[in-house]
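S.K.: Next one to model:
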Amino acid sequence: ICILGESGTGKTTLLRLIKWFVSRDRSINEKLQLPMDPESEIEMVFQLSHFDFRLVNKGGELVFQSVSPGENETDYERYIKEISPLLINFPADLVNVTADETGGKAGETAGDKPEQVQIVDFSFDDIKQTWDFILRDIKEHRAKELAVAARILEAQKRGASMPEIQKLEAEFKKWLSQNPSPLENLADRFLNPILRRLGLKVKTDFSYESIIDLTFIELQSMTGEAVQRDLWSTGTRQQVLTMLPLYQLKPENAVILIDEPERSLYPDIQTRIADDYVKTAPGCQFFFATHSPFVTASFEPWEIVDLKFDRDKTYSRREL
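M.R.: Purely as a prediction, here's the structure:
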């Protein structure tokens, strides 16, 4: 679903309402407040499977009303516990995370791995923890790879026979085929097809010393020149930081909210960005909020919620 509208029409508020609704029986670390007079009312209708529910603001308090014949709130509670969808929220100000803030040492993070929790809200959660878990896998693989390679080097130094060295090399080759590099997988199967449009790719060749000091993903130009993190464009950082959690979580049956995916991206990339996200999690439902007609161009008309102000810019409405 694409929610389109100029600033102030309520795109982000709609995302927050959806987040509140999906997380109703679980903590989302914030109290949702609607910017309206308590005497006014707001009404939204949600559909989950065969259940229809109305969310109504009365006196500043959000309450649920069932609108499905013969259904009640207990049915909804049973449904949401059975389905228990994963919720992932990417706010628009995610790009305010600086390059220094994304760097950390693996092993310093606390708490559950992202896939062990049901709500991942990057309005509050530390997005660098996702990278820390990926980094840990990369370092562990590299350490094992160096240990296996060291056995071959040791055999050569002590003058081992050629058959023995060839056997060790065959075992090393077999180990590599059974244990592919997580960094190369991340690059080749996930990030590089997206970064290529920006003239960039993931750096995958690391020495022993550099892999120990690795604190975040490193990029280079298509000709192999390193691109310092403080020189990454805002659009590049936005894509990398939002794509990495989806790579780590590999979500299924999730509701994923993304506010302003077009941040600092050229129009031709904006037309593809929604498809890039959806391809990373094809079994999930995405809600995008955007100002960009280029992002909207990749959606079918019935997938678009078009918000417009009235003439005096007092109210916003959905234009069908």
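
S.K.: Let me know the next secondary structure element after the least confident helix or strand in the chain by mean pLDDT.
M.R.: Here the helix or strand of the chain ranked lowest by mean pLDDT, DSSP states H and E is helix 99-102, holding a mean of 43. Once the chain leaves helix 99-102, the next helix or strand it forms, by DSSP states H and E, is strand 119-121.

S.K.: chain center to that following strand: distance?
M.R.: Relative to the chain's own centre, strand 119-121 is displaced by 10 Å; criterion: Cα atoms, centre = their mean, to the nearest Å.

S.K.: Name the nearest residue to residue 121, ignoring sequence neighbours.
M.R.: Leaving aside its chain neighbours, residue 121 sits nearest to residue 89 (4.4 Å; criterion: Cβ to Cβ, 6 or more residues apart in numbering). In short, each C-beta sits where N, CA and C put it, glycine included.

S.K.: neighbouring contacts of whichever strand or helix holds the one you found?
M.R.: Using DSSP H and E, residue 89 maps to strand 86-90. With contacts defined as Cβ atoms under 8 Å, 6 or more residues apart in numbering, strand 86-90 is touched by 15, 19, 22-23, 28, 118-123, 242, 245-246, 249, 251-259, 284.

S.K.: mind checking the longest helix of this protein?
M.R.: helix 128-157 (DSSP state H).

S.K.: So which other helices or strands are in contact with that one?
M.R.: helix 99-102, helix 162-178, helix 182-186, helix 208-212, helix 234-249 (3 or more Cβ pairs under 8 Å, 6 or more residues apart in numbering; DSSP states H and E).

S.K.: Select, out of those, the one closest to residue 290.
M.R.: For residue 290, the closest of these is helix 234-249, at 12.9 Å, according to Cβ to Cβ.

S.K.: Tell me what residue 309 is bridged to.
M.R.: residue 316 (DSSP bridges).

S.K.: right, and it touches residue 318 too?
M.R.: No: contact criterion Cβ atoms under 8 Å: residue 309 and residue 318 do not qualify, at 11.7 Å.

S.K.: any residues in contact with both of those two?
M.R.: In contact with both residue 309 and residue 318: no residue, using Cβ under 8 Å, 6+ apart.

S.K.: so which strand or helix has residue 268?
M.R.: helix 267-280.

S.K.: Tell me the first helix or strand C-terminal of that helix.
M.R.: Beyond helix 267-280 toward the C-terminal end (DSSP H and E), the next one is strand 285-290.

S.K.: Give me the contacts around that next one.
M.R.: Contacts of strand 285-290 (Cβ under 8 Å, 6+ apart): 1-4, 11-12, 14-15, 18, 92, 254-262, 274, 277-278, 295-296.

S.K.: Can you say which of those residues are buried?
M.R.: Neighbour counting with 16 or more other Cβ atoms under 10 Å marks 2-4, 11-12, 14-15, 18, 92, 254-262, 274, 277, 295-296 as buried within the contacts of strand 285-290.

S.K.: Just the ones of those in helices?
M.R.: Those of these lying in helices (DSSP H): 11, 12, 14, 15, 18, 274, 277, 295, 296.
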